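Participant: Here is my input; please provide its structure:
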Amino acid sequence: MWALALAMAIVMGPASPEPSAIAVHWQVQSDRPDQQPDDALRVSVRERVAARDARPVAAVSDRALERARIAVSHELPVETRARHRALRSELDDADAAYREGRFEAARAALVRVDEQLHQTPELPGAAASAREAELLAAKIAWASGEPELAELALAAALRLDPEAQLSVREAAPELVARYHAIQASLLAARELTWIVPELSDRSGSSFRVEIDGVPGLRAVPPGPHLVVVRRDGHEPFAAWRSLDQAWVLPDSPERIASAPALTAATIAAVCEALALDVLLLAERRDHQIGLQAHQCGVGFGPRWTGRREALADGITVALDGPFVEPTPSLAELWPSPLVEVAAGPELDPDPVGSGGAEPARPWYRRGWIWGTSTGVAAAIAGGVVAGVLLNGREPRPSSLEIDANEFIGGG
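Facilitator: Okay, here's the model as predicted:
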């Protein structure tokens, strides 16, 4: 067995390291909104980044800032997740006590569950946990000979999920019958008593809402509901609230701001939210492209600016590092492309004896030279060509455009 495993290890070789997580963010200067990159350019950058280690293009994500802002609107602190585990433990204890006939211990555990749900409504699955707690309270009340308390608990569970079913495998048949009777009455009153929430944000920003764990605004039965509000870039906000009156949503802290040019702090937050190893900053300015990579937790690499045709070289410069700069410089002034224009023959502005008349033309442009004979013209042409060939160089084009950054090796 060991020999076989060793042979396979030798044949297969060491496991390939997992490729680094990388994403691209295109930034646009606030005074140049027309400089958005086109779709083809976005794809070109992702393809060239992916080609470096033969990863799928889909593994190089785009629109990193937008994705990070959505991610933090769903993110919960570590201590909140720990409280969720404690809540589930309390519910399990309450259920175990009920099954063992220890009703008072079960009720005490449910009281603690209710306190946690109202103190930290942002807990994952809070609405489902609240419904579970109400159904358990109804079972305990029914088993204790308190049908009125059982019906109140059933109504509370149905308020959170009016269409949820309850089977005889979960509760006594008589209790299940009462549940379905209350449910039928509640659903029949949908058009008469249910409330369509009216929510607004004083900042005018967009938001997404969940009511009792279900995304979107919808009509709900009267009574308190768990409302979770999410704004991109902000921490989620949750509250138990009756929705029978218009509600102006409260503010919640912003985690990742949306800005034309990202600061070092925002870039670090994007890295954390998306669990990135590298964030590639990109920008378009007319016919030039700028690139600068950030190795998350380390620093920023060299900035590169150049023509679109040289993207492959630019990505190599940006991603090869070294990542030693503490702040990004992509949003700063870029070097301008140099344009070299071939100079024509110099003309004497006032040749001797001209008296300010039209300057004398060079000898090779005087008509009498070209009119003397075909042989002279051919000889002159041959001399010009011979001179070029003897010098060992091609005739220079009339103009040459050089990108300053490509010429000096990057900015």
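Participant: which residues of this structure fall in helices?
Facilitator: 2-12, 39-51, 64-72, 78-99, 103-119, 126-143, 147-160, 173-188, 190-193, 264-274, 311-320, 367-371, 374-391, 404-408 (DSSP state H).
Participant: I'd like those helices written out as TSV, with mean pLDDT, mean neighbour count and distance to residue 286 added.
Facilitator: Just so you know, the C-beta spots here come from the backbone N, C-alpha and C atoms, and that holds for glycine as well. Shown next, in TSV, are these (pLDDT from 0 to 100; neighbours: other Cβ atoms under 10 Å; distance: least, Cβ to Cβ, whole Å):
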stretch	mean pLDDT	mean neighbour count	distance to residue 286
helix 2-12	47	8	50
helix 39-51	94	16	13
helix 64-72	93	21	23
helix 78-99	91	15	46
helix 103-119	95	17	55
helix 126-143	96	22	51
helix 147-160	97	20	56
helix 173-188	97	15	61
helix 190-193	94	9	58
helix 264-274	93	19	25
helix 311-320	94	19	15
helix 367-371	38	10	44
helix 374-391	40	10	36
helix 404-408	41	16	14
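Participant: quick one: residue 218 and residue 209 touch, right?
Facilitator: No: Residue 218 sits out of contact with residue 209 when judged by Cβ atoms under 8 Å, with a separation of 9.6 Å.
Participant: more crowded one of those two?
Facilitator: Using other Cβ atoms under 10 Å, the more surrounded residue of residue 218 and residue 209 is residue 209, with 16 against 13.
Participant: Show me the beta-bridge partners of the more buried one.
Facilitator: residue 229 (DSSP bridges).
Participant: Would you check that it makes contact with residue 225?
Facilitator: No: assessed by Cβ under 8 Å, residue 209 is found out of contact with residue 225, at 10.7 Å.
Participant: Residue 330: how many residues sit nearby?
Facilitator: Applying other Cβ under 10 Å, we find 22 other residues in the vicinity of residue 330.
Participant: any idea how far it is from residue 220?
Facilitator: Between residue 330 and residue 220 the computed distance is 48 Å (Cβ to Cβ, to the nearest Å).
Participant: and if you look at residue 175?
Facilitator: Distance, residue 175 to residue 220, using Cβ to Cβ: 24 Å.
Participant: for residue 113, what are its contacts?
Facilitator: 87, 90, 91, 94, 129, 133 (Cβ atoms under 8 Å, 6 or more residues apart in numbering).
Participant: coming back round to it: format the helices of the chain as TSV; extra columns: distance to residue 241.
Facilitator: Shown next, in TSV, are those (distance: least, Cβ to Cβ, whole Å):
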stretch	distance to residue 241
helix 2-12	58
helix 39-51	42
helix 64-72	23
helix 78-99	19
helix 103-119	11
helix 126-143	13
helix 147-160	13
helix 173-188	19
helix 190-193	18
helix 264-274	28
helix 311-320	49
helix 367-371	95
helix 374-391	86
helix 404-408	56
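Participant: First residue to last residue on stretch 230-241, what's the distance there?
Facilitator: 16 Å (Cα to Cα, to the nearest Å).
Participant: got it, and stretch 295-309?
Facilitator: 25 Å.
Participant: tell me how far it is from the chain's mean position?
Facilitator: 19 Å (Cα atoms, centre = their mean, to the nearest Å).
Participant: buried sites along that stretch?
Facilitator: 295, 296, 299, 300, 301, 302, 303, 304, 305, 306, 307 (16 or more other Cβ atoms under 10 Å).
Participant: contacting residues around residue 274?
Facilitator: Per Cβ under 8 Å, 6+ apart, neighbours of residue 274: 21, 23, 61, 64, 67, 68, 71.
Participant: would TSV of the residues you listed with distance to residue 264 be doable?
Facilitator: Below are these laid out as TSV (distance: Cβ to Cβ, whole Å):
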residue	distance to residue 264
21	19
23	17
61	21
64	15
67	19
68	15
71	19
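Participant: Adding distance to residue 30, write the buried residues of stretch 295-309 out as JSON lines.
Facilitator: Listed next are the buried residues of stretch 295-309 as JSON lines, based on distance: Cβ to Cβ, whole Å:
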{"residue": "295", "distance to residue 30": "27"}
{"residue": "296", "distance to residue 30": "26"}
{"residue": "299", "distance to residue 30": "26"}
{"residue": "300", "distance to residue 30": "21"}
{"residue": "301", "distance to residue 30": "25"}
{"residue": "302", "distance to residue 30": "25"}
{"residue": "303", "distance to residue 30": "20"}
{"residue": "304", "distance to residue 30": "23"}
{"residue": "305", "distance to residue 30": "19"}
{"residue": "306", "distance to residue 30": "24"}
{"residue": "307", "distance to residue 30": "25"}
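Participant: and which of these is nearest to residue 120?
Facilitator: Residue 120 lies nearest to residue 296 out of these, by Cβ to Cβ, at 30.4 Å.
Participant: Hmm, residue 144 is touching residue 103, no?
Facilitator: Yes: in this structure, residue 144 is within contact of residue 103 by Cβ under 8 Å, at 5.7 Å.
Participant: give the contact list for residue 331.
Facilitator: Contacts of residue 331 by Cβ under 8 Å, 6+ apart are 27, 29, 260, 261, 283.
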